[in-house]
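Peer 1: the following comprises the amino acid sequence and a computationally predicted model.
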Amino acid sequence: MDVPGPLVVVPVQGRFSLSPITRRRLAIFRAHRRGFWSLWVFLLLFVLSLFAEFLANDRPLLVHFAGHWYVPVLHDYSEDEFGSGFMPIEADFSDPDLNRAIMARGWMIWPAIPFSFSSIVKDLPSPAPSPPSWRNLLGTDDQARDVLARVIYGFRISVLFGFTLTAISSVIGIAAGAVQGFYGGLTDLLFQRFIEIWAGMPQLFLLIILSSIIEPGFWVLLGFLLLFSWMSLTGLVRAEFLRGRNLDYVRAAKALGVTDISVMWRHILPNAMVATLTFLPFTLSSSVTILASLDFLGFGMPPGSPSLGELVSQGKDNLQAPWLGITAFVVLGGVLTLLIFIGEAVRDAFDPRRMVK
Amino acid sequence: MTALLEIAHLTKHFAIRGGVVRAVDGVSLALARGETLALVGESGCGKSTVGRCILRLTRPTSGQIVLDGTRIDTLPERRLRPMRRRMQVVFQDPFSSLDPRQRIGDAIAEPLRNFALPAGPAEIAALLDRVGLPAEAARRRPHAFSGGQRQRIGIARALATGPDLLICDEAVSALDVSVKAQIVNLLADLQARLGLALLFISHDLAIVEHLANRVAVMYLGRIVELADRRSVFAAPRHPYTRALLSAVPVPDPTAARRRIVLGGDVPSALAPPAGCRFHPRCPAAFDRCRVEEPAPRIPVPGHMVACHLEVTPPARGG
């Protein structure tokens, strides 16, 4: 009954505590063991790869020389600081002469993998690509670079690229879908037709043409892929906004004179976010795949950059060196599998019909 | 009578695949300050569309809407915004008219903040108090409230900007009978205290009889009868109004009732019948009705009816 007066006292949540529905989603996510562990493994690998310079580098972490401390991993030093016999050029710590000079009057601490993604392993026992050894745990590629170091850097750049692409294309996609769904009518119609035409563009050929004009780098590639990737979320968000704009509380807000932007942001977007979040891990994994395939084809990152796609292509070119292909397969497959597992768990967590087991 | 709201020849047509739906087709009415005008009719007759046109939730096809001397139907949205403060709406469904994610205090403060009015806890508590809710309600979310309480919250939100006109779009239709009575009394009380003009859109004639000063009966996008409450209920002149009134339940099982049962359904607003729109279902239709659309007549002062029949209305229930 509707009796005005004291209401039943319900503990009021603080502004920043988790709402029951968020807590339920977290519980479902945790109950999804595979996805939960995948998330942790992925986060661990990602955080480790953020410190790639400290894990795999051709510069020592710390040098103690003639009573002075040097941190080559963070600073550049001139070679003549380590003896008058050297030239005033940037110090190359893998140079045996410099090495001997430093060791004579001090010591150095090297990263676990003493190679960077671009450093050439000198005095290999066999011609490159050389098989795994204690020095190069995953062997070297056909340009005598350490595969493990390249995998660490390549993983980082793939994931960072994926994250950036996913984040920006989600923002654009959500904004585009929101405008279409909220205003509907002619706006929606024209926008929909534009998307249909735009989506019909042959992306790969455009990219090939583009790469013959300018050399694609991280940002050029990102910008180019953004031109097309924003469309994946638009349909979903549009549908949510089409539904949302007819809710009474949205009408009430409009009648109250709340601006369109505020209505979209405050009242409709939170509903649309659930559907969007569910998609994010899958968008991320497809972004990683896109970058790898472009690198494989040679239209991706500039030559020399660490990339998983380039490793796949090396594996294909050097079938006599199976460690290349196998490493590329395991790393790329592993990353994508982790992301898919996380995505499944997120999807289940946001599924309103799912019960906590 | 200085009218607060004046609507003249309002039409709203919706273009759909296969034709044009004439949802509202030439509605004229006026509403004075502090007055309650009930807009009644069957589902689909265009009552709610009239309300939405006034609020500019949809743009009218043609006609004029004048709020307190300002013509608002053609104002650009930017200039309409300050006028929105003066007209507010309460919707039918108390479960969908509040954002489930928003705390009640924020929901009520939204219009205040929007117009840069003070929106402190004191103002919100005062608004909640006005609709009979405790100040603690501000910190909860809608799920903690019953339908009637939510409707009170909706009313508090509508009252926040101090409107002159409140449009109640079936505001009590979704509520239980006892709760309905409370909300109706609350509305009547608020109107008396704040001098609100109410446009009460409803299909519930019992409540209309209790609340309204004047009643406009709509059929298929037109107003067929418009008069003060007493004349509409005691001396209805339009056959449709009489049929509607005869369908109101009487809380007396032994009372002898003569119901006028209308055959068929409301014709499609896609292709309204020629002549009088009511003629296919009218028990008193004659040849003229099939060809000539009845012009609104004023047989007695203050009583408008659009019907060819010149009848002395029977006493109610007779």
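Peer 2: Alright, I've got the coordinates.
Peer 1: going by C-alpha atoms from here, please, whenever you check contacts or count neighbours.
Peer 2: Noted.
Peer 1: now stretch B:13-20: buried residues?
Peer 2: For stretch B:13-20, a neighbour-count test (16 or more other CA atoms under 10 Å in any protein chain shown) marks B:His13 as buried.
Peer 1: ok, it near chain A or not?
Peer 2: No: for stretch B:13-20, no contact with chain A is found by CA under 8 Å from any CA of the partner chain; the gap never falls below 11.2 Å.
Peer 1: show me which residues of chain B sit near chain A.
Peer 2: Contact residues, chain B versus chain A (CA under 8 Å from any CA): B:55-57, B:81-82, B:84-85, B:88-91, B:93, B:96-99, B:110-111, B:114, B:132-134, B:139-140, B:146-149, B:158, B:179.
Peer 1: any of those buried? List them.
Peer 2: In these, the ones that pass as buried (16+ other CA under 10 Å) are B:55-56, B:81, B:84-85, B:88-91, B:93, B:97-99, B:110-111, B:114, B:132-134, B:139-140, B:146-149, B:158, B:179.
Peer 1: filter the residues you listed down to the ones in strands?
Peer 2: B:Gln88, B:Val89, B:Val90 (DSSP state E).
Peer 1: centroid-nearest residue for the chain?
Peer 2: Just going to use chain A. A:Val159 (2.3 Å; CA atoms, centre = their mean).
Peer 1: sorry, I should have been clearer: chain B.
Peer 2: Centroid check for chain B by CA atoms, centre = their mean gives B:Ile201 as the closest residue, at 1.9 Å.
Peer 1: if I've got this straight, that residue is in a helix?
Peer 2: No: counting by DSSP: H, G, I helix; E, B strand; the rest coil, B:Ile201 is not part of a helix but strand.
Peer 1: now it: how far from chain A?
Peer 2: Going from B:Ile201 to chain A by CA to the nearest CA, to the nearest Å gives 16 Å.
Peer 1: that residue reaches B:Ser48, doesn't it?
Peer 2: Yes: in this structure, B:Ile201 is within contact of B:Ser48 by CA atoms under 8 Å, at 6.9 Å.
Peer 1: okay, and the common contacts of those two?
Peer 2: B:Asp169 (CA atoms under 8 Å, 6 or more residues apart in numbering or on different chains).
Peer 1: OK, contacts around the residue nearest to the centre of chain B?
Peer 2: Counted by CA under 8 Å, 6+ apart, B:Ile201 has contacts B:Ala38, B:Leu39, B:Val40, B:Lys47, B:Ser48, B:Gly51, B:Ile167, B:Cys168, B:Asp169, B:Glu170, B:Ala171.
Peer 1: least confident of the residues you listed?
Peer 2: For the contacts of B:Ile201, the weakest pLDDT value sits at B:Ala171, with 83.
Peer 1: isn't that residue right next to B:Ser97, touching?
Peer 2: No: checked against CA under 8 Å, the pair B:Ala171 and B:Ser97 is beyond contact range at 10.6 Å.
Peer 1: who touches both of these two?
Peer 2: B:Phe91.
Peer 1: and the pLDDT at the closest residue to chain B within the stretch 51-200 of chain A?
Peer 2: Relative to chain B, the nearest point of the stretch 51-200 of chain A is A:Gly185 (11.2 Å; CA to the nearest CA). A:Gly185 carries a pLDDT value of 85.
Peer 1: burial count for it?
Peer 2: 10 (other CA atoms under 10 Å in any protein chain shown).
Peer 1: gap between it and A:Val258?
Peer 2: Separation of A:Gly185 from A:Val258 (CA to CA, to the nearest Å): 21 Å.
Peer 1: again, but for B:Gly34
Peer 2: In terms of CA to CA, B:Gly34 sits 26 Å off from A:Val258.
Peer 1: ditto for B:Thr74
Peer 2: B:Thr74 is 19 Å from A:Val258, by CA to CA.
Peer 1: neighbour count: the two, which is higher?
Peer 2: Of the pair B:Thr74 and A:Val258, A:Val258 is the one with more neighbours under other CA under 10 Å, namely 21 against 16.
Peer 1: please, which helix or strand holds that one?
Peer 2: For A:Val258, there is no host helix or strand (DSSP states H and E).
Peer 1: likewise the one 3 residues further on?
Peer 2: Using DSSP H and E, A:Ile261 falls within helix A:260-262.
Peer 1: what mean pLDDT does that helix have?
Peer 2: 87.
Peer 1: buried residues, it. List them.
Peer 2: Of the residues in helix A:260-262, none has enough neighbours to count as buried (16+ other CA under 10 Å).
Peer 1: low-confidence regions, the chain specifically.
Peer 2: Using chain A here. Within chain A, the stretches with pLDDT under 70 are A:1-17, A:352-357.
Peer 1: try again with chain B
Peer 2: Those would be B:1, B:256-257, B:311-318, if you go by pLDDT under 70 across chain B.
Peer 1: what's near enough to touch whichever residue of it sits closest to chain A?
Peer 2: Nearest residue of chain B to chain A: B:Ser97, at 4.1 Å (CA to the nearest CA). Residues near B:Ser97 by CA under 8 Å, 6+ apart: A:Leu247, A:Asp248, A:Tyr249, A:Val250, A:Ala252, B:Phe91, B:Gly154.
Peer 1: count of neighbours near the third one?
Peer 2: Read it as A:Tyr249. Neighbours of A:Tyr249 (other CA under 10 Å): 25.
Peer 1: which element is it on?
Peer 2: Counting by DSSP H and E, A:Tyr249 is found in helix A:248-255.
Peer 1: that helix near chain B anywhere?
Peer 2: Yes: under the criterion of CA under 8 Å from any CA, helix A:248-255 makes contact with chain B via A:Asp248, A:Tyr249, A:Val250, A:Arg251, A:Ala252, A:Ala253, A:Lys254, A:Ala255.
Peer 1: just the buried ones from those?
Peer 2: Buried residues within the residues of helix A:248-255 next to chain B, counting neighbours by 16+ other CA under 10 Å: A:Asp248, A:Tyr249, A:Val250, A:Arg251, A:Ala252, A:Ala253, A:Lys254, A:Ala255.
Peer 1: list the contacts for A:Thr187?
Peer 2: Neighbours of A:Thr187 in contact, by CA under 8 Å, 6+ apart: A:Gln180.
Peer 1: where does it land in three-state SS?
Peer 2: helix.
Peer 1: ramachandran coordinates for residue 65?
Peer 2: Because you didn't say which chain, this covers chain A. phi -140, psi 120 (degrees, to the nearest 10).
Peer 1: let's do chain B instead
Peer 2: Backbone phi and psi, for B:Ile65 under degrees, to the nearest 10, turn out to be phi -130, psi 120.
Peer 1: wait, isn't it in contact with B:Ala8?
Peer 2: Yes: using CA under 8 Å, B:Ile65 is in contact with B:Ala8, at 6.6 Å.
Peer 1: sweet, I'm off.
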